[in-house]
Structures are given as structure tokens and as C-alpha cells.
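Participant: can't give you the sequence, but here's the structure:
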């Protein structure tokens with residue numbers, strides 16, 4: 001197994017595509033469709049990487065990133081439609097390690 005990844009995005013089509021590509025590369029992938037569920041998954045069993053959408057129900061990606069950063073330096077990739085420079089800079093300043101904007105290539109994410 002290459003490692004474990006939590007993908008948090010409220011769009012099932014995004015999580016399904018990402019899961020297929022990442023599992024094909026040997027990663028164990030767990031899915032959350034809102035920020036609160038992503039944080040619960042993280043607290044249950046830490047992953048080697050988090051992929052976070054910013055605009056999710058119950059808790060946004062910014063909040064998840066902030067909560068995780070208080071406890072860990074696990075790599076975080078923001079995967080979002082918010083591609084403006086201020087958003088990218090805020091994401092990186094908050095602790096994201098990379099910022100990928102939608103639409104994106106699943107191969108780029110891998």
C-alpha cells in the first residue's frame with residue numbers, strides 16, 4: 001500500500017474519479033462529503049495526505065485545514081474551484097502544501 005488519503009469534497013463525481021485514480025496507484029482512499037465528516041475520519045485514523053475542497057457543508061476546507069494543522073503537519077492539498085490569487089495565497093498561508101484548481105487533471109493530482 002502506497003499510503004492513505006482522505007478526500008473531502010461534496011461532489012461525488014469528483015471523489016469517485018479521484019478515488020479511482022489514486023487506488024489504481026496503490027493508495028487507500030477514504031471519502032468524506034462534508035468537512036465535519038473529513039475531520040471525524042482524520043481523528044479516527046490519521047491519513048498520510050488530505051485532499052480538501054474549500055466549499056463544503058457543515059465545515060469548510062479552511063476550517064478543516066486549521067483544525068488539522070493544530071495537531072499535525074500532514075500534507076494537505078486544497079482542491080477547489082476558488083482559483084483567485086487571494087484564495088490560493090490564503091490556502092497556502094493557512095498551511096496547505098499545494099493548491100489545485102478545478103477543473104483539474106486527475107493525473108495531476110496523483
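Facilitator: Done, it's in. Because the structure is predicted, anything quoted here is derived from the model rather than measured.
Participant: give me the distance from stretch 34-53 to the chain's centre.
Facilitator: The chain centre lies 8 Å from the centre of stretch 34-53; the measure is C-alpha atoms, centre = their mean, to the nearest Å.
Participant: pLDDT-wise, which helix or strand of the chain ranks last?
Facilitator: helix 85-94 (a mean of 80; mean pLDDT, DSSP states H and E).
Participant: what about residue 85, neighbour count?
Facilitator: Using other C-beta atoms under 10 Å as the criterion, residue 85 is surrounded by 7 other residues. No exception for glycine: its C-beta is placed from N, CA and C like everyone else's.
Participant: repeat that for residue 75.
Facilitator: Residue 75, neighbours per other C-beta under 10 Å, totals 16.
Participant: surely it touches residue 97?
Facilitator: Yes: assessed by C-beta atoms under 8 Å, residue 75 is found in contact with residue 97 at 4.7 Å.
Participant: can you list contacts of the lengthiest helix in the chain?
Facilitator: Longest helix in the chain, counting residues (DSSP state H): helix 12-24. Identification of contacts with helix 12-24 by C-beta atoms under 8 Å, 6 or more residues apart in numbering yields 5, 7, 9, 29, 31, 33, 51, 53, 79, 102, 106-107, 109-110.
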